[in-house]
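Undergrad: Sequence and predicted model, in that order:
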Amino acid sequence: MAGKIVVLTGAGISAESGLGTFRDEGGLWAKHRIEDVATPEGFARDPALVHRFYNARRIQAAEALPNAAHEALARLQRDWPGEVVIVTQNVDGLHEKAGATAIHMHGELSSALCYRCGHRWPSPPEMAPGEPCPACHARAGRPDIVWFGEMPYHMDEIADHLQTCDLFASIGTSGQVYPAAGFVQEAAYAGARTIELNLADSEISRAFEDHRVGPASRVVPQWVA
Ligand SMILES: CC(C)NC(=O)[C@H](Cc1c[nH]c2ccccc12)NC(=O)[C@H](CCCC/N=C(/NCCC(=O)O)S[C@H]1O[C@H](COP(=O)(O)OP(=O)(O)OC[C@H]2O[C@@H](n3cnc4c(N)ncnc43)[C@H](O)[C@@H]2O)[C@@H](O)[C@H]1O)NC(=O)OCc1ccccc1
């Protein structure tokens, strides 16, 4: 019986598609204060600033194309005789553009959320403060993104997959943000083999049995083949 594979992806898998990572040279967090643009407190303080930040990323992501790493994972998900679950920290839609399905634990740029009634709807390219909710009509629209201090999405489903996978792979993530950075321990503890594919060592490289170092567009297709 072919094993079950869980693949965790981070910003590094989309870097070669032209979408900046967070912590690398000239990354998003070098240009923006996390407290201002990626916390509920920052949104309450200055929603216009937060919308500008996500509007720019939403337009960039809409124009971006998946690279060979996204395509290789879509192929693996299609052709592997066992189950392949992609859990992504990314808010871009590049896994889906490559034909794969992914669990978005930190939300999606293409979705808007009403913080009054919880309704979700396809986000307009540009959101503005007081975005009206099409369900309750409150002017309470926000980017459907998990900010720091907020509970990530689909955590129960993800926990089940980590408990039942035979192989856990991590691609393009620095391992600095929890709970995602703790997934390798959960999977290893449940008996899974573990592999990290990254451009450089991460905060959690020691937790992995196997490593492939290099750009995702090269090492992921090689690993899948
Ligand atoms: C800074 C850190 C210490 N803080 C946290 O972890 C906090 C607090 C916290 C919780 N538990 C803890 C335990 C210890 C310490 C702190 C905490 N966590 C939270 O607040 C989380 C919510 C965190 C989510 C925040 N939102 C994001 N993103 C959406 C926004 C947006 O996109 O704007 S986080 C964001 O940063 C994270 C890290 O980014 P990466 O994707 O890894 O990117 P990065 O730039 O860092 O690294 C890129 C990597 O790629 C590599 N690379 C570059 N180019 C390539 C290339 N070409 N090929 C291959 N690899 C490449 C580089 O070498 C590098 O390694 C990702 O998750 C990403 O989504 N919520 C929460 O904990 O809720 C309660 C809770 C309680 C119980 C159980 C569950 C929950």
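TA: Received, thanks. Numbers count the residues shown, from 1 in each chain.

Undergrad: alpha carbons only for contacts and neighbour counts from here, please
TA: Will do.

Undergrad: Report the secondary structure state of Trp147.
TA: Three-state assignment for Trp147 (DSSP: H, G, I helix; E, B strand; the rest coil): coil.

Undergrad: where does the chain come near the ligand, residue by residue?
TA: Within reach of the ligand by CA under 6 Å from any ligand atom, the chain has these residues: 10-13, 15-16, 21-24, 38, 89-91, 106, 145-152, 172-179, 198-200, 202, 215-216.

Undergrad: Would you mind measuring from Gln95 to Glu83?
TA: Wrong residue type there; residue 95 is His, not Gln. Separation of His95 from Glu83 (CA to CA, to the nearest Å): 16 Å.

Undergrad: quick one: which of the two has more around it?
TA: His95 (25 against 16; other CA atoms under 10 Å).

Undergrad: Excluding chain neighbours, give the residue nearest to that one in space.
TA: Once flanking residues are discounted, His95 sits nearest to His70: 5.7 Å by CA to CA, 6 or more residues apart in numbering.

Undergrad: how close does that neighbour sit to Val84?
TA: According to CA to CA, His70 and Val84 sit 13 Å apart.

Undergrad: Ser111 contacts Arg120, doesn't it?
TA: Yes: using CA atoms under 8 Å, Ser111 is in contact with Arg120, at 6.7 Å.

Undergrad: Mutual contacts of these two, please.
TA: Residues within reach of Ser111 and of Arg120 at once, by CA atoms under 8 Å, 6 or more residues apart in numbering, are Asp144.

Undergrad: Name the single longest strand found in this protein.
TA: Counting by DSSP state E, the longest strand found in the chain is strand 107-114.

Undergrad: now for it, which elements pack on it?
TA: Packing partners of strand 107-114 (3 or more CA pairs under 8 Å, 6 or more residues apart in numbering; DSSP states H and E): helix 47-63, strand 120-122, strand 141-145.

Undergrad: which element is the residue nearest to His95 on?
TA: Following DSSP states H and E, one finds His70 within helix 68-79.

Undergrad: what's the model's confidence in that helix, averaged?
TA: Helix 68-79 comes out with an average pLDDT of 98.

Undergrad: just checking, what packs against it?
TA: Judged by 3+ CA pairs under 8 Å, 6+ apart, the packing partners of helix 68-79 are strand 84-88, helix 94-97, helix 216-224.

Undergrad: In a markdown table: the ones you listed, plus mean pLDDT.
TA: Below are the helices and strands packed on helix 68-79 laid out as a markdown table (pLDDT from 0 to 100):
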| stretch | mean pLDDT |
| --- | --- |
| strand 84-88 | 98 |
| helix 94-97 | 98 |
| helix 216-224 | 98 |
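
Undergrad: winner for burial among the ones you listed?
TA: Per residue and on average, the most neighbours among the helices and strands packed on helix 68-79 fall to strand 84-88, with a mean of 23 (mean count of other CA atoms under 10 Å).

Undergrad: ok, and what's touching that strand?
TA: With CA under 8 Å, 6+ apart, strand 84-88 has contacts from 4-10, 76-77, 101-106, 158, 161.
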